[in-house]
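Q: no sequence for this one, just the structure:
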């Protein structure tokens, strides 16, 4: 969800012409292990992994908003949850987002 928020905000302010994602400083990345940001992802339904397929057809994960059933497009799943597919420069910049995962640093 981190990259989805960053992507949505950059798209809302006018795209990569208005704002750029910059790489993290070396002192930070040398001290903490960070994974690169994602440029593609799937969006699950709120019941993903919990629902019974017979009870709820909304049991899937979606790659783009167009794949989301109409009944879930009314607030449960929104376009801002997905990558901005039309902006290749933004997708390239999302790799500068950092994912800090404590287990990677063996932090208790």
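A: The structure has been received and is ready for your questions. In this text the structure is predicted, and so the values were computed from the model without any measurement.
Q: residues in contact with the longest helix along the chain?
A: Among the segments of the chain that qualify as a helix by DSSP state H, the longest is helix 2-12. With CB atoms under 8 Å, 6 or more residues apart in numbering as the test, helix 2-12 has contacts from 16, 18-19, 21, 37-39, 41, 43, 80-84, 87, 90, 93-94, 97, 99. All C-beta spots, glycine's among them, are computed from the backbone N, C-alpha and C.
Q: can I get the buried part of those as one ChimeraX selection?
A: Command for ChimeraX that selects the buried part of these, burial taken from 16 or more other CB atoms under 10 Å:
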select :16,21,37,38,39,41,43,81,82,83,84,87,90,93,94,97
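Q: and the contacts of helix 2-12, which of them are in helices?
A: 90, 93.
Q: pull out the buried residues from the longest helix of the chain.
A: Result for helix 2-12 [16+ other CB under 10 Å]: buried residues 3, 4, 6, 7, 8, 10, 11.
Q: and the pLDDT for the second one?
A: pLDDT, residue 4: 88.
Q: distance of it relative to residue 39?
A: 11 Å (CB to CB, to the nearest Å).
Q: joint contacts of the two?
A: In contact with both residue 4 and residue 39: residue 83, using CB under 8 Å, 6+ apart.
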